[in-house]
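>>> The amino acid sequence is not available; the structure is as follows:
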Ligand code: IVH
């Protein structure tokens, strides 16, 4: 019996250690190793053991304290009252148990609730004084958070001024990164050779907790506010009215919140949100049920970790079991070698998943992934498939260990690994896989936008030796193209025309298209603005570059390195020879001079980036938000809130077609 107790104690201690390790990875490093669901299971297991064996309970246990700390580099901000966490439930049964407990605590049967979405981001407290934002803080350890005021000032959704002007107000909300923006942001990072974030929550947390606020400024962050923590004036008696008041004061408040009268309505709200989940533009990992009466909330009170008057009812994880058929190594534009598991296709959350990145060799070892293994795959954050774990107990005899190749699987080139990276790279500058990726990037929509020069054609042109460098694109002949398998004379002619058109692209775009490591769209724009020609940029020293706002030491090193390589200098010379303009042509004069445009919704005939460039080329300005100074709002499909705002302010609203008519008249 004693021995059993020792085993239990050891198990509890082990679970506490594991949970603490995962909390550090999640809260401080924004790089969790396990999915939220797996983490919740660990907490649940620990909680159950602590309840069953109260002799091992501890006030310091992770089940008793809020996760997270205040990182060095930020000043601590003490919260006016603790920013508590929430207890989780996973089933209707557990939800009903909570209802019964709550009814006992408040000694009432006729309770009313508010159902809200549980946004998957990071908690912030926003402090206002007479209507002005004076401070923003992360949750930290719950008692004190990190001062992120300068960063919050750069987030569009965070109101800098509100209409409540009578003294102090502290509100709590969630900073998040919308899914579409997250995808684009990660794609850019991938193109820049930077590590990608596993899900929108990590991206939001990593973006807000930046020492340099100008980095936060470039990240697409949003906000929902869901609680008044402190208010100098009396607040309404119910939570639902508080949400409406917050909305009136100018805060973004989610519109899915609803009053729920009993367990049945809570269950229905949950099912409805599970069904709608895939259509939300942001990530939600459950619903939160809160007592509506503030007086009863106070009566119910809180534990050191969470309020008794609210509960998180988590959505089921989007996971599926499948088998690994093979592990292949993909070669990226910058030579990065990424192992990818080829799966028996499975449907997860309505999407067929047939590949999952294994990131690098260390990850494969850590998870002990082998070919023919049965694995659990999750669509983390609803977007990127992620390998949660393998089932070693289901491992067949023919499972095979993955051996990372010694040489590049495409060109046979030498592989190298720098100390500060987990990934290995192919060192051969002439590697065909890298060349294909570099050409694809150059021709892509955000780069030179050469429509017709897609993946398959690039492969064929490289394989047949017609493209040996990016610049060869501009020396392709119509006849050569029509010789390519399945390429008719008409397509060949069209492609040549597209290539010809691309010669007129703006200098900043060409800089981005060159594929300099770590130089994304925004960085390329900054460079084009500071150095009016590529020859000036080539001459810039590392010191010159570091001085520029938005260009860090790593980016500077990569730029210097790019111009050191002979092949790149040749590429630039040949692009010039082909007729591309590698210098600034940005106009401050032009037919759209003095006019400010805002674009909302999805455009069907061009990208927003290109539309912005066209407006700027014609001397106009493009702004992100609608104000009284806006002259035109261009409306694409599924417009956002800008549409309503423009109507309110009586701004001229034009369709995508009207926009083209306008610019063609002016061009
Ligand atoms: S209420 C005392 N409401 O979930 C009030 N939290 O796992 C506690 N969260 O730390 C918070 N959406 O960061 C509340 N609608 C919502 C929420 C929400 C997301 C987060 C919050 C909290 C975490 C708990």
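Structure received. All values reported here derive from a predicted model rather than from experimental measurement. Numbering: from 1, shown residues only.

>>> Do a quick rundown of the strands in the stretch 101-250 of the chain.
113-119, 122-129, 132-138, 144-146, 168-176, 222-231 (DSSP state E, counting those that start in this stretch).

>>> The fifth one and the ligand in contact?
Yes: legend: contact between strand 168-176 and the ligand by Cβ under 6 Å from any ligand atom is shown at residue 174. Bear in mind the C-beta positions are built from the backbone N, C-alpha and C, glycine included.

>>> so which residue of the stretch 551-667 of the chain comes closest to the ligand?
Relative to the ligand, the nearest point of the stretch 551-667 of the chain is residue 641 (19.6 Å; Cβ to the nearest ligand atom).

>>> What number of residues are in the vicinity of that residue?
Residues near residue 641, counting by other Cβ atoms under 10 Å, number 11.

>>> got a pLDDT number for it?
Per-residue confidence (pLDDT) for residue 641: 84.

>>> Make sure I have this right: residue 528 is in a helix.
Yes: when DSSP: H, G, I helix; E, B strand; the rest coil is applied, residue 528 is found to be in a helix.

>>> what sits against it?
506, 507, 508, 511, 584, 586 (Cβ atoms under 8 Å, 6 or more residues apart in numbering).

>>> Return the distance of it relative to the ligand.
According to Cβ to the nearest ligand atom, to the nearest Å, residue 528 and the ligand sit 40 Å apart.

>>> Likewise for residue 452?
Residue 452 is 45 Å from the ligand, where distance means Cβ to the nearest ligand atom.

>>> residues contacting that residue?
Residue 452 makes contact with 491, 494, 495, 498, according to Cβ under 8 Å, 6+ apart.

>>> quick one, phi psi at the last one?
The reference is to residue 498. When read as degrees, to the nearest 10, the backbone of residue 498 gives phi -60, psi -40.

>>> what's around it, how many residues?
By the measure other Cβ under 10 Å, the count of residues near residue 498 is 16.

>>> and what of the second one?
When counting by other Cβ under 10 Å, one arrives at 15 neighbours for residue 494.

>>> hang on, isn't residue 461 packed against residue 487?
No: with contacts counted by Cβ atoms under 8 Å, residue 461 stays clear of residue 487, the gap being 9.9 Å.

>>> Out of the two, name the residue with the larger neighbour count.
Neighbour comparison, residue 461 and residue 487: the larger count goes to residue 461, with 22 against 17 (by other Cβ under 10 Å).

>>> State whether that one is indeed within a helix.
Yes: applying three-state DSSP, one finds residue 461 inside a helix.

>>> Give me the nearest residue to whatever residue of the stretch 301-450 of the chain ends up closest to the ligand, chain neighbours excluded.
At 4.5 Å from the ligand, residue 307 is the closest residue in the stretch 301-450 of the chain, using Cβ to the nearest ligand atom. Among residues not flanking residue 307 along the chain, residue 84 sits closest, at 5.7 Å (Cβ to Cβ, 6 or more residues apart in numbering).

>>> what about that neighbour, is that helix, strand or coil?
Using three-state DSSP, the secondary structure recorded for residue 84 is coil.

>>> In contact with the residue lying closest to residue 173 once chain neighbours are set aside, which residues?
Using Cβ to Cβ, 6+ apart and skipping residues adjacent in sequence, the residue nearest residue 173 is residue 225, 3.6 Å away. With contacts defined as Cβ under 8 Å, 6+ apart, the neighbours of residue 225 are 126, 171, 172, 173, 246, 251, 252, 253.

>>> Per-residue pLDDT of residue 225, please?
98.

>>> Name the helix or strand for residue 481, please.
Using DSSP states H and E, residue 481 maps to helix 478-482.

>>> on contacts alone, who are the packing partners of that helix?
helix 489-502 (3 or more Cβ pairs under 8 Å, 6 or more residues apart in numbering; DSSP states H and E).

>>> which bits of the chain sit near the ligand?
Proximity of the chain to the ligand is confined to 84-86, 116, 118-119, 123, 174, 226-227, 288, 307, 310, 312 under the rule Cβ under 6 Å from any ligand atom.

>>> Those: which two are farthest apart?
The largest separation in these, counting by Cβ to Cβ, is between 119 and 307 at 17.3 Å.

>>> Have a look at these two and say which one is more surrounded.
Just comparing residue 119 and residue 307: by other Cβ under 10 Å the higher neighbour count belongs to residue 119, 26 against 18.

>>> in the sheet, who's paired with that one?
Beta-bridge partners recorded for residue 119 (DSSP bridges): residue 284.

>>> In this model residue 286 seems to touch it, though I could be wrong.
No: using Cβ under 8 Å, residue 119 is not in contact with residue 286; the gap is 9.7 Å.

>>> Low-confidence ranges, the protein, go.
Low-confidence segments of the chain (pLDDT under 70): 1-3, 69-72, 190-194, 380-382, 585-589, 665-667.

>>> Pick out the residue closest to the middle of it.
In the chain, the residue lying closest to the centroid (Cα atoms, centre = their mean) is residue 182, at 2.9 Å.

>>> what residues are up against the residue lying closest to it once chain neighbours are set aside?
With sequence-adjacent residues excluded and distances taken as Cβ to Cβ, 6+ apart, residue 182 is closest to residue 200, at 4.1 Å. With contact taken as Cβ under 8 Å, 6+ apart, residue 200 is in contact with 120, 121, 176, 177, 178, 179, 182, 282, 283, 381, 383.

>>> how about the residues you listed, which pair is most distant?
Using Cβ to Cβ, the two most remote members of the contacts of residue 200 are 121 and 383, lying 14.7 Å apart.

>>> List the buried residues of stretch 350-365.
For stretch 350-365, burial by neighbour count (16 or more other Cβ atoms under 10 Å) applies to 353, 356, 357, 358, 359, 360, 361, 364.

>>> Span of it from start to end?
Using Cα to Cα, to the nearest Å, the end-to-end distance of stretch 350-365 comes to 30 Å.
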